[in-house]
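Participant: make a model of this:
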Amino acid sequence: MVKIGNIELPDFPLLLAPMEDVSDPPFRRLCKMHGADMMYTEFISSEGLIRDAIKSRQKLDIFDYERPIGIQIFGGDEEAMAMSAKIVEAVKPDLVDINFGCPVKKVVCKGAGAGVLKDIDLMVKLTKSVVESTHLPVTVKTRLGWDDDSINIDEVAQRLQDTGIKALAIHGRTRAQMYKGHSDWSHIARVKANPNIEIPIFGNGDIDSAEKAVEYKEKYGVDGIMIGRAAIGYPWIFNQIKHYRETGEHLAEPTIQDRLEAARNHLNWAVEWKGERTGILETRMHYTNYFKGIPNFKPFRTKLVTHDNLTDLLHTFDEITNEFIEKINNNL
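Facilitator: As a prediction, the model looks like this:
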(Lines give C-alpha, C1' and ligand atoms only; values in the text may rest on other atoms or scores of the structure.)
Protein backbone atom coordinates (compact mmCIF):
# COMPACT_ATOMS: atom_id res chain seq x y z
CA MET A 1 0.00 0.00 0.00
CA VAL A 2 1.16 3.54 -0.79
CA LYS A 3 -0.02 6.37 1.45
CA ILE A 4 -0.28 10.07 0.68
CA GLY A 5 -1.24 11.60 3.98
CA ASN A 6 -4.45 9.77 4.87
CA ILE A 7 -5.05 8.62 1.28
CA GLU A 8 -4.49 4.91 0.81
CA LEU A 9 -3.53 3.70 -2.67
CA PRO A 10 -2.82 0.17 -3.86
CA ASP A 11 0.69 -1.17 -4.17
CA PHE A 12 2.22 0.34 -7.32
CA PRO A 13 -0.56 2.87 -8.05
CA LEU A 14 -1.15 4.26 -11.53
CA LEU A 15 -1.83 7.99 -11.60
CA LEU A 16 -3.38 10.03 -14.38
CA ALA A 17 -1.21 13.08 -14.99
CA PRO A 18 -2.72 16.56 -14.98
CA MET A 19 -2.80 17.77 -18.60
CA GLU A 20 -3.97 21.17 -19.74
CA ASP A 21 -7.06 21.00 -22.01
CA VAL A 22 -7.14 17.20 -21.56
CA SER A 23 -7.68 16.15 -17.94
CA ASP A 24 -11.26 17.38 -17.66
CA PRO A 25 -14.12 15.43 -15.98
CA PRO A 26 -15.20 13.44 -19.09
CA PHE A 27 -11.65 12.29 -19.79
CA ARG A 28 -10.97 11.54 -16.13
CA ARG A 29 -14.18 9.52 -15.90
CA LEU A 30 -13.03 7.23 -18.70
CA CYS A 31 -9.59 6.79 -17.16
CA LYS A 32 -11.14 5.97 -13.80
CA MET A 33 -13.39 3.36 -15.43
CA HIS A 34 -10.34 1.73 -16.97
CA GLY A 35 -8.12 1.51 -13.93
CA ALA A 36 -6.57 4.86 -12.94
CA ASP A 37 -5.97 4.77 -9.18
CA MET A 38 -5.67 8.51 -8.64
CA MET A 39 -6.20 11.51 -10.89
CA TYR A 40 -5.59 15.24 -11.03
CA THR A 41 -7.45 18.12 -12.58
CA GLU A 42 -5.96 20.32 -15.27
CA PHE A 43 -3.66 22.86 -13.67
CA ILE A 44 -5.41 25.98 -12.39
CA SER A 45 -3.91 29.45 -12.19
CA SER A 46 -3.81 30.73 -8.61
CA GLU A 47 -4.35 34.26 -9.88
CA GLY A 48 -7.27 33.11 -12.03
CA LEU A 49 -8.95 31.53 -9.03
CA ILE A 50 -8.56 34.68 -6.97
CA ARG A 51 -9.95 36.80 -9.83
CA ASP A 52 -12.87 34.37 -10.03
CA ALA A 53 -12.07 33.67 -13.68
CA ILE A 54 -14.82 31.48 -15.12
CA LYS A 55 -12.45 29.04 -16.83
CA SER A 56 -10.38 28.58 -13.69
CA ARG A 57 -13.43 28.05 -11.50
CA GLN A 58 -14.88 25.47 -13.88
CA LYS A 59 -11.71 23.41 -13.51
CA LEU A 60 -12.64 22.95 -9.84
CA ASP A 61 -15.48 20.63 -10.83
CA ILE A 62 -14.85 17.23 -9.28
CA PHE A 63 -17.17 14.30 -8.63
CA ASP A 64 -17.29 11.62 -5.95
CA TYR A 65 -16.75 8.75 -8.40
CA GLU A 66 -13.36 10.25 -9.28
CA ARG A 67 -11.90 9.93 -5.79
CA PRO A 68 -9.17 10.05 -4.78
CA ILE A 69 -8.56 13.17 -6.84
CA GLY A 70 -6.23 16.13 -6.52
CA ILE A 71 -6.66 19.67 -7.74
CA GLN A 72 -3.48 21.12 -9.21
CA ILE A 73 -2.59 24.79 -8.90
CA PHE A 74 0.27 26.90 -10.22
CA GLY A 75 1.61 30.39 -9.64
CA GLY A 76 4.62 32.41 -8.63
CA ASP A 77 3.30 34.46 -5.71
CA GLU A 78 3.21 33.10 -2.15
CA GLU A 79 0.09 34.95 -1.06
CA ALA A 80 -1.83 34.03 -4.21
CA MET A 81 -0.86 30.37 -3.87
CA ALA A 82 -1.96 30.30 -0.24
CA MET A 83 -5.28 31.96 -1.05
CA SER A 84 -5.95 29.66 -3.99
CA ALA A 85 -5.25 26.62 -1.80
CA LYS A 86 -7.98 27.80 0.56
CA ILE A 87 -10.38 28.23 -2.37
CA VAL A 88 -9.51 24.73 -3.59
CA GLU A 89 -10.05 23.29 -0.13
CA ALA A 90 -13.65 24.51 -0.19
CA VAL A 91 -14.63 22.04 -2.95
CA LYS A 92 -13.17 19.17 -0.89
CA PRO A 93 -10.67 17.39 -3.12
CA ASP A 94 -8.54 14.68 -1.56
CA LEU A 95 -5.32 16.65 -2.00
CA VAL A 96 -3.78 19.81 -3.43
CA ASP A 97 -0.99 19.44 -6.00
CA ILE A 98 1.47 22.14 -7.03
CA ASN A 99 2.73 22.37 -10.61
CA PHE A 100 6.43 23.11 -10.84
CA GLY A 101 6.83 21.27 -14.11
CA CYS A 102 4.83 22.90 -16.91
CA PRO A 103 7.39 23.99 -19.54
CA VAL A 104 5.05 26.13 -21.64
CA LYS A 105 6.41 29.63 -22.26
CA LYS A 106 3.29 31.53 -21.18
CA VAL A 107 3.46 29.85 -17.76
CA VAL A 108 7.24 29.97 -17.35
CA CYS A 109 7.34 33.69 -18.24
CA LYS A 110 5.09 34.36 -15.24
CA GLY A 111 7.63 32.75 -12.95
CA ALA A 112 5.40 29.72 -12.48
CA GLY A 113 5.42 26.06 -13.49
CA ALA A 114 8.91 24.99 -14.60
CA GLY A 115 9.98 28.63 -14.38
CA VAL A 116 10.41 28.12 -10.63
CA LEU A 117 13.10 25.48 -11.28
CA LYS A 118 15.61 28.33 -11.55
CA ASP A 119 14.92 29.43 -7.97
CA ILE A 120 14.72 26.62 -5.42
CA ASP A 121 14.33 29.07 -2.55
CA LEU A 122 11.19 30.45 -4.20
CA MET A 123 9.93 26.93 -4.88
CA VAL A 124 10.29 26.15 -1.18
CA LYS A 125 8.53 29.36 -0.14
CA LEU A 126 5.62 28.75 -2.53
CA THR A 127 5.25 25.16 -1.36
CA LYS A 128 5.42 26.11 2.30
CA SER A 129 2.74 28.75 1.80
CA VAL A 130 0.37 26.13 0.39
CA VAL A 131 1.18 23.49 3.03
CA GLU A 132 0.53 25.98 5.82
CA SER A 133 -2.75 27.23 4.32
CA THR A 134 -4.61 23.91 4.05
CA HIS A 135 -5.31 20.81 6.09
CA LEU A 136 -5.31 18.71 2.90
CA PRO A 137 -2.26 16.68 1.87
CA VAL A 138 -0.06 18.70 -0.50
CA THR A 139 1.92 17.06 -3.31
CA VAL A 140 4.20 18.43 -6.02
CA LYS A 141 4.86 17.58 -9.65
CA THR A 142 8.12 18.85 -11.09
CA ARG A 143 10.95 18.17 -13.55
CA LEU A 144 14.62 17.27 -13.17
CA GLY A 145 15.77 20.88 -13.47
CA TRP A 146 15.93 23.76 -15.93
CA ASP A 147 18.45 22.15 -18.30
CA ASP A 148 21.13 19.47 -18.34
CA ASP A 149 23.57 21.80 -16.61
CA SER A 150 21.25 22.54 -13.72
CA ILE A 151 19.62 19.26 -12.72
CA ASN A 152 18.71 19.93 -9.11
CA ILE A 153 16.04 17.34 -8.34
CA ASP A 154 17.99 15.83 -5.41
CA GLU A 155 18.03 19.12 -3.51
CA VAL A 156 14.49 19.93 -4.58
CA ALA A 157 13.13 16.61 -3.30
CA GLN A 158 14.80 16.95 0.09
CA ARG A 159 13.82 20.56 0.65
CA LEU A 160 10.22 20.08 -0.51
CA GLN A 161 9.87 17.08 1.77
CA ASP A 162 11.04 19.31 4.61
CA THR A 163 8.16 21.72 3.90
CA GLY A 164 5.68 18.94 4.62
CA ILE A 165 4.58 17.69 1.20
CA LYS A 166 3.25 14.13 1.19
CA ALA A 167 4.41 12.91 -2.25
CA LEU A 168 6.49 14.00 -5.22
CA ALA A 169 5.94 13.20 -8.91
CA ILE A 170 8.99 13.70 -11.11
CA HIS A 171 8.90 14.04 -14.89
CA GLY A 172 12.18 12.67 -16.19
CA ARG A 173 12.96 15.64 -18.46
CA THR A 174 14.35 19.11 -17.96
CA ARG A 175 12.42 22.22 -18.90
CA ALA A 176 14.76 22.74 -21.85
CA GLN A 177 13.72 19.39 -23.28
CA MET A 178 10.04 20.33 -23.23
CA TYR A 179 8.48 17.03 -24.39
CA LYS A 180 11.27 16.08 -26.78
CA GLY A 181 13.98 13.46 -26.51
CA HIS A 182 13.87 10.70 -23.92
CA SER A 183 13.10 11.02 -20.25
CA ASP A 184 15.92 10.01 -17.91
CA TRP A 185 14.60 8.04 -14.97
CA SER A 186 18.05 7.46 -13.45
CA HIS A 187 17.66 10.77 -11.63
CA ILE A 188 14.25 9.70 -10.33
CA ALA A 189 15.74 6.41 -9.13
CA ARG A 190 18.48 8.28 -7.27
CA VAL A 191 15.92 10.40 -5.44
CA LYS A 192 13.92 7.30 -4.51
CA ALA A 193 17.06 5.53 -3.26
CA ASN A 194 18.04 8.43 -1.00
CA PRO A 195 17.56 7.12 2.57
CA ASN A 196 16.49 10.59 3.69
CA ILE A 197 13.49 10.59 1.35
CA GLU A 198 10.47 9.11 3.09
CA ILE A 199 7.59 10.36 0.93
CA PRO A 200 6.29 8.39 -2.09
CA ILE A 201 8.11 9.12 -5.34
CA PHE A 202 6.18 8.75 -8.60
CA GLY A 203 7.87 8.57 -11.98
CA ASN A 204 6.50 10.22 -15.11
CA GLY A 205 7.60 10.33 -18.74
CA ASP A 206 7.48 8.05 -21.78
CA ILE A 207 5.36 5.27 -20.25
CA ASP A 208 3.33 4.09 -23.23
CA SER A 209 2.99 0.33 -22.75
CA ALA A 210 2.39 -2.28 -20.08
CA GLU A 211 5.86 -3.73 -20.58
CA LYS A 212 7.58 -0.38 -20.11
CA ALA A 213 5.56 0.40 -16.98
CA VAL A 214 6.54 -2.87 -15.31
CA GLU A 215 10.14 -2.60 -16.52
CA TYR A 216 10.50 0.94 -15.14
CA LYS A 217 8.91 0.00 -11.83
CA GLU A 218 11.40 -2.83 -11.37
CA LYS A 219 14.42 -0.95 -12.72
CA TYR A 220 13.95 2.40 -10.99
CA GLY A 221 12.11 1.39 -7.83
CA VAL A 222 9.49 4.15 -7.86
CA ASP A 223 6.40 3.90 -5.67
CA GLY A 224 4.06 4.36 -8.63
CA ILE A 225 3.81 5.67 -12.14
CA MET A 226 2.08 8.72 -13.55
CA ILE A 227 0.76 8.41 -17.10
CA GLY A 228 -0.09 11.36 -19.32
CA ARG A 229 -0.07 11.46 -23.11
CA ALA A 230 -0.31 7.68 -23.53
CA ALA A 231 -3.80 7.78 -22.00
CA ILE A 232 -5.16 10.32 -24.48
CA GLY A 233 -7.69 8.42 -26.56
CA TYR A 234 -6.47 5.22 -24.91
CA PRO A 235 -7.75 4.98 -21.31
CA TRP A 236 -7.35 1.19 -21.44
CA ILE A 237 -3.63 1.53 -20.70
CA PHE A 238 -4.20 1.52 -16.92
CA ASN A 239 -5.91 -1.86 -16.76
CA GLN A 240 -3.50 -3.24 -19.35
CA ILE A 241 -0.56 -2.37 -17.09
CA LYS A 242 -2.24 -3.89 -14.04
CA HIS A 243 -3.11 -7.10 -15.85
CA TYR A 244 0.39 -7.49 -17.27
CA ARG A 245 2.02 -6.88 -13.90
CA GLU A 246 -0.23 -9.45 -12.21
CA THR A 247 -0.14 -12.16 -14.87
CA GLY A 248 2.70 -11.45 -17.27
CA GLU A 249 0.13 -11.64 -20.05
CA HIS A 250 -1.41 -8.97 -22.25
CA LEU A 251 -5.06 -7.99 -22.17
CA ALA A 252 -6.72 -8.07 -25.56
CA GLU A 253 -6.56 -4.78 -27.43
CA PRO A 254 -9.78 -2.74 -27.29
CA THR A 255 -12.19 -3.71 -30.05
CA ILE A 256 -13.82 -1.28 -32.44
CA GLN A 257 -16.90 -1.59 -30.24
CA ASP A 258 -14.84 -0.62 -27.18
CA ARG A 259 -13.42 2.38 -29.00
CA LEU A 260 -16.82 3.49 -30.22
CA GLU A 261 -18.29 3.21 -26.75
CA ALA A 262 -15.47 5.22 -25.19
CA ALA A 263 -15.62 7.97 -27.82
CA ARG A 264 -19.41 8.20 -27.65
CA ASN A 265 -19.34 8.36 -23.86
CA HIS A 266 -16.63 10.99 -23.95
CA LEU A 267 -18.71 13.13 -26.29
CA ASN A 268 -21.94 12.74 -24.32
CA TRP A 269 -20.27 13.49 -21.01
CA ALA A 270 -18.49 16.53 -22.45
CA VAL A 271 -21.76 17.93 -23.81
CA GLU A 272 -23.47 17.23 -20.51
CA TRP A 273 -20.71 19.02 -18.60
CA LYS A 274 -19.96 22.02 -20.83
CA GLY A 275 -22.89 22.33 -23.20
CA GLU A 276 -23.25 21.14 -26.78
CA ARG A 277 -20.99 23.53 -28.65
CA THR A 278 -18.04 23.52 -26.25
CA GLY A 279 -18.39 19.82 -25.53
CA ILE A 280 -18.24 18.98 -29.24
CA LEU A 281 -15.24 21.20 -29.89
CA GLU A 282 -13.25 19.92 -26.93
CA THR A 283 -13.84 16.26 -27.80
CA ARG A 284 -12.57 16.54 -31.39
CA MET A 285 -8.91 16.28 -30.43
CA HIS A 286 -9.47 12.80 -29.01
CA TYR A 287 -10.97 11.02 -32.03
CA THR A 288 -7.69 10.44 -33.86
CA ASN A 289 -6.33 8.44 -30.93
CA TYR A 290 -9.56 6.59 -30.22
CA PHE A 291 -9.63 5.22 -33.76
CA LYS A 292 -5.91 5.05 -34.48
CA GLY A 293 -4.91 2.18 -36.73
CA ILE A 294 -8.39 1.31 -37.98
CA PRO A 295 -8.20 0.90 -41.78
CA ASN A 296 -10.44 2.96 -44.05
CA PHE A 297 -11.54 5.16 -41.17
CA LYS A 298 -10.55 8.56 -42.56
CA PRO A 299 -14.00 9.50 -44.02
CA PHE A 300 -15.61 8.88 -40.64
CA ARG A 301 -12.91 10.79 -38.77
CA THR A 302 -13.50 13.74 -41.07
CA LYS A 303 -17.18 13.72 -40.15
CA LEU A 304 -16.41 13.46 -36.45
CA VAL A 305 -14.17 16.54 -36.48
CA THR A 306 -16.40 18.66 -38.72
CA HIS A 307 -19.97 18.04 -37.55
CA ASP A 308 -21.06 20.79 -35.20
CA ASN A 309 -24.19 19.35 -33.63
CA LEU A 310 -24.77 16.35 -31.39
CA THR A 311 -27.46 14.73 -33.57
CA ASP A 312 -25.17 14.48 -36.60
CA LEU A 313 -22.29 13.19 -34.50
CA LEU A 314 -24.37 10.45 -32.92
CA HIS A 315 -25.62 9.52 -36.38
CA THR A 316 -22.01 9.22 -37.49
CA PHE A 317 -21.30 6.87 -34.61
CA ASP A 318 -24.23 4.75 -35.82
CA GLU A 319 -22.76 4.77 -39.33
CA ILE A 320 -19.42 3.58 -37.98
CA THR A 321 -21.14 0.78 -36.09
CA ASN A 322 -22.99 -0.36 -39.23
CA GLU A 323 -19.85 -0.14 -41.36
CA PHE A 324 -17.76 -2.23 -39.00
CA ILE A 325 -20.49 -4.49 -37.62
CA GLU A 326 -18.90 -7.63 -39.01
CA LYS A 327 -15.55 -6.71 -37.51
CA ILE A 328 -17.21 -5.88 -34.20
CA ASN A 329 -18.95 -9.26 -34.12
CA ASN A 330 -15.67 -10.97 -34.84
CA ASN A 331 -13.94 -8.89 -32.15
CA LEU A 332 -11.47 -7.41 -34.58
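Participant: list the buried residues for the helix or strand hosting Lys128?
Facilitator: Using DSSP states H and E, the element containing Lys128 is helix 120-131. Neighbour-count burial for helix 120-131, with 16 or more other CB atoms under 10 Å as criterion, is recorded at 120, 122-124, 126-131. The C-beta positions use only the backbone N, C-alpha and C, and glycine is treated the same way.
Participant: cool, stretch 251-262 as well?
Facilitator: Under the neighbour-count criterion of 16+ other CB under 10 Å, stretch 251-262 has 254-262 buried.
Participant: what number of residues lie near Gln177?
Facilitator: Neighbourhood size, Gln177 [other CB atoms under 10 Å]: 19.
Participant: ditto for Glu89
Facilitator: Close neighbours of Glu89, defined as other CB under 10 Å, add up to 15.
Participant: same thing with Asn204?
Facilitator: Using other CB under 10 Å, Asn204 has 25 neighbouring residues.
Participant: which non-adjacent residue is nearest it?
Facilitator: Nearest non-adjacent residue to Asn204, counting by CB to CB, 6 or more residues apart in numbering: Met226, 3.9 Å away.
Participant: what about stretch 132-150, start to end distance?
Facilitator: Its start and end residues considered, stretch 132-150 measures 29 Å (CA to CA, to the nearest Å).
Participant: tell me how far it lies from the chain's centre.
Facilitator: Mean-position distance between stretch 132-150 and its chain equals 15 Å (CA atoms, centre = their mean, to the nearest Å).
Participant: so for that stretch, what gets flagged as buried?
Facilitator: Buried, per 16+ other CB under 10 Å, within stretch 132-150: 133-134, 136-146.
Participant: which two among the residues you listed are spaced furthest apart?
Facilitator: Greatest spacing in the buried residues of stretch 132-150, by CB to CB: Leu136 and Trp146 (29.0 Å).
Participant: and the helix holding Lys128, what other elements does it pack with?
Facilitator: Packed against helix 120-131 by the contact rule (3 or more CB pairs under 8 Å, 6 or more residues apart in numbering; DSSP states H and E) you find helix 78-89, strand 95-100, strand 138-143, helix 153-163.
Participant: rerun at 6 Å
Facilitator: Contacts defined by 3 or more CB pairs under 6 Å, 6 or more residues apart in numbering; DSSP states H and E place helix 120-131 against helix 78-89, helix 153-163.
Participant: where's the residue lying closest to His286 once chain neighbours are set aside, which helix or strand?
Facilitator: Excluding its sequence neighbours, the residue lying closest to His286 (CB to CB, 6+ apart) is Gly233, at 4.9 Å. Using DSSP H and E, Gly233 is not contained in any helix or strand.
Participant: tally of neighbours for Gly233?
Facilitator: 22.
Participant: pretty sure it sits against Gly293.
Facilitator: No. Judged on CB atoms under 6 Å, Gly233 makes no contact with Gly293 at a distance of 11.1 Å.
Participant: and Thr288, how many neighbours does it have?
Facilitator: Residues within reach of Thr288, counting by other CB under 10 Å, total 14.
Participant: backbone dihedrals for it, please?
Facilitator: Phi and psi for Thr288, reported as degrees, to the nearest 10, are phi -60, psi -40.
Participant: and it, how close does it get to Glu8?
Facilitator: From Thr288 over to Glu8 the distance is 37 Å, taken as CB to CB, to the nearest Å.
Participant: cool, Gln72 as well?
Facilitator: From Gln72 to Glu8 the distance is 21 Å (CB to CB).
Participant: between the two, which one's more packed in?
Facilitator: Counted by other CB under 10 Å, Gln72 and Glu8 do not tie: Gln72 has more neighbours, with 26 against 11.
Participant: wasn't the residue nearest to Asn204 part of a strand?
Facilitator: Yes. Applying DSSP: H, G, I helix; E, B strand; the rest coil, one finds Met226 inside a strand.
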